[in-house]
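*Asks:* for reference, the sequence and a predicted model appear below.
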Amino acid sequence: MKNTTDTLQDYFEFTIKTLSFDEDYVPSSSTRTTTNFANLARGARRQENLHNTLTMINNRFNSLANWDNPDQDRYQVELEIISVDLNMHDNRATFPAIEVLKTHILDHKSGKRIEGIVGNNFSSYVRDYDFSVLLSEHNKGKADFSIPDDFGSLHGTIFKRFVSSETYKKHFAKPPVICLSVSHNKIYQRTGNHHPILGYEYQVNEASLTESYFKKMGLQVRYFMPRHSVAPLTFYFFGDLLTDYTNLELISTISTMETFQKIYRPEIYNANSVAGSCFKPSLKNPDHSLTKIEYDREERSQLAIEQGKFTEEHFIKPYKHVLEQWSANYAH
């Protein structure tokens, strides 16, 4: 692992570590076990899971980057896990703040290794706390569901401070793009806007809680369904998604994240029918196919609660006062 730091203020410091995601990948002790890539690298079939996942990513990339690629084998996607820790200076404690993926593209024809996009997958212990602990406690015993006023503010501050830091700028040439599943309780309407790589754009009837949460991270959102996809993907980004990134960069994100979604949301992304002009995703859709990759979704939900409680005990409660002050100062 490589290491670098950037001072946020007198109290906090960021540390970046990188690790290859390949067939020999073993999750670090600080990685959330519910994270897409970590979940695959568990159990007796871990190497088979990893091999099949990487094969799916490469096949999807070549199907989209099909120009000057007659045999559909010109490109290979290499993935790097970017782990971002927050260091507390008073006792030298470290807390795992953010984990994302960085794509690289190996062009077998030219021999070049092309930088891709950072972001893609998004993992955060603080988000586990917000959704699995804070939100649950806030609504305990209430007849009507509601959201705390400051819901997502701290998490948003951490993310924005990291992206604007000198550490980020030293390591990454462009702002991050995060790609997630569409919400299963919203309705998506196809528009006439079509991008050669991202495909048809969709618009949603109303913002989801996740979208509001990511907005506090400073991110915009758009929905596109790429060629040969069966459902639109949700793209979170800064700037202009359609002009700030090259075709190969966008394809690296689509191929990586659509593969993960086929594994974790097969009812939506490995469905046997294609989303129409009006699309309502459903996790109860029986007409779908499973991949050959093992995954326990029920265990994943249970672990999210455990990880949220871990965050509360080791980060939120011990540093509550200084975190609130730090977040408030940044907001002003």
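*Replies:* Ah, there it is. Numbers count the residues shown, from 1 in each chain.
*Asks:* how much space separates the nearest residue to residue 269 once chain neighbours are set aside from residue 53?
*Replies:* Spatial nearest neighbour of residue 269, chain neighbours left out: residue 261 (4.0 Å); criterion: C-beta to C-beta, 6 or more residues apart in numbering. To be clear about C-beta, it is placed using only N, CA and C from the backbone, and glycine gets the same treatment. Summarising the geometry, the distance separating residue 261 from residue 53, computed by C-beta to C-beta, to the nearest Å, is 12 Å.
*Asks:* neighbour count for the two, which is higher?
*Replies:* Set residue 261 next to residue 53 and count neighbours by other C-beta atoms under 10 Å: residue 53 wins out with 25 against 22.
*Asks:* ok, the more buried one touching residue 40?
*Replies:* Yes. Contact criterion C-beta atoms under 8 Å: residue 53 and residue 40 qualify, at 5.8 Å.
*Asks:* following the helix or strand bottoming out on mean pLDDT in the chain, which helix or strand shows up next?
*Replies:* Among the secondary structure pieces of the chain, namely its helices and strands, strand 4-7 has the lowest mean (mean pLDDT, DSSP states H and E), a mean of 43. Note on strand 4-7: by DSSP states H and E, the next helix or strand toward the C-terminus is strand 12-21.
*Asks:* distance between the very next helix or strand once past that next one and the chain's centre?
*Replies:* Note on strand 12-21: by DSSP H and E, the next helix or strand toward the C-terminus is helix 36-40. Averaging C-alpha coordinates over helix 36-40 and over its chain gives two centres that are 12 Å apart (C-alpha atoms, centre = their mean, to the nearest Å).
*Asks:* now stretch 56-67
*Replies:* Relative to its parent chain, stretch 56-67 has a centroid offset of 20 Å by C-alpha atoms, centre = their mean.
*Asks:* cool, and stretch 59-78?
*Replies:* Stretch 59-78 sits 23 Å away from the centroid of its parent chain (C-alpha atoms, centre = their mean).
*Asks:* show me where pLDDT drops low in the stretch 201-332 of the chain?
*Replies:* Screening the stretch 201-332 of the chain residue by residue with the criterion pLDDT under 70, one finds the ranges 296-301, 330-332.
*Asks:* now do the helices in it.
*Replies:* For the stretch 201-332 of the chain, the helices defined by DSSP state H, counting those that start in this stretch cover 209-215, 247-264, 266-269, 297-311, 320-331.
*Asks:* compare these and give me the one nearest residue 48.
*Replies:* helix 247-264 (12.9 Å; C-beta to C-beta).
*Asks:* tell me what the closest one is packed against?
*Replies:* helix 36-40, helix 46-64, strand 75-88, strand 93-107, strand 113-123, strand 177-180, strand 233-237, helix 266-269 (3 or more C-beta pairs under 8 Å, 6 or more residues apart in numbering; DSSP states H and E).
*Asks:* need the ones you listed in JSON lines (columns: distance to residue 162).
*Replies:* Written out in JSON lines, the entries for the helices and strands packed on helix 247-264 read as follows (distance: least, C-beta to C-beta, whole Å):
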{"stretch": "helix 36-40", "distance to residue 162": "20"}
{"stretch": "helix 46-64", "distance to residue 162": "26"}
{"stretch": "strand 75-88", "distance to residue 162": "6"}
{"stretch": "strand 93-107", "distance to residue 162": "6"}
{"stretch": "strand 113-123", "distance to residue 162": "11"}
{"stretch": "strand 177-180", "distance to residue 162": "13"}
{"stretch": "strand 233-237", "distance to residue 162": "15"}
{"stretch": "helix 266-269", "distance to residue 162": "29"}
